[in-house]
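> Next one to model:
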Amino acid sequence: MPSQAVHEMLLQSWSATPGDVHTGVIRIFPAMPKKWANASFTNLRAEGGFMVSATRKNNKTLNFSITAARSGKLRIKDNFDGLTLKWNFKGVTKTGDVYEVNLNKGQKLQVLAGNHN
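Have a look, this model is predicted:
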C-alpha cells in the first residue's frame, strides 16, 4: 500500500479554498479499517502547517495533539464516536460536527478522549 494511502487513513486535511489556512478541517483517523484497531502517529503535517500526533486503541481515539506552525483558527472534525474530550485550552467551540479554537504560532493543543459515564 503506498504511503500516501496510509497517511490518508491516519490524517486528512484539505481546504475548499487551498492556501487559506482558515478553511481547512483536520480529520483524525478518518478512514481506519476496523481490523486496525490500534494505531498511532507522530508529527504528520496537516493543511496550514499544523503538526498532528494521535493514538487510537480498540477503534477509539485516546488522545491527540496539534501544534500550530502559524497563528490562526484550528478546525477539527468530530469523528470521536461520542467520547468526551478534555481540552488543555479554553475557548474551544463546536459548530455542527466541527470543533474550533484559535492558536498562536507554536501553541500546542492537547486532547484526551474518554467515555460518557
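> What's the first helix or strand after the helix or strand where Phe41 lies?
Using DSSP states H and E, the element containing Phe41 is strand 39-45. Using DSSP H and E, the helix or strand that follows strand 39-45 in sequence is strand 51-57.
> same for that next one, what does it pack against?
For strand 51-57, the elements it packs on are strand 25-28, strand 39-45, strand 60-67, judged by 3 or more C-beta pairs under 8 Å, 6 or more residues apart in numbering; DSSP states H and E. Every C-beta, even on glycine, is put in place using the N, C-alpha and C of the backbone.
> three-state assignment of His7?
Secondary structure, DSSP: H, G, I helix; E, B strand; the rest coil: His7 is helix.
> separation between it and Gly49?
Note on His7: its distance to Gly49, by C-beta to C-beta, to the nearest Å, is 16 Å.
> From Asp81, how far out is Cys97?
Heads up, residue 97 is Asp, not Cys. For Asp97, the distance to Asp81 equals 12 Å [C-beta to C-beta].
> Where does pLDDT dip in the protein?
Scanning the chain for pLDDT under 70 picks out 1-2, 15-23, 115-117.
> closest to Gly114 out of the helices and strands packed on strand 51-57?
strand 60-67 (8.8 Å; C-beta to C-beta).
> so what's the residue nearest to Asp81 when sequence neighbours are not counted bridging to?
Of all residues not flanking Asp81 in the chain, Lys60 sits nearest, at 6.3 Å (C-beta to C-beta, 6 or more residues apart in numbering). Applying DSSP bridges to Lys60 gives these bridge partners: Lys57.
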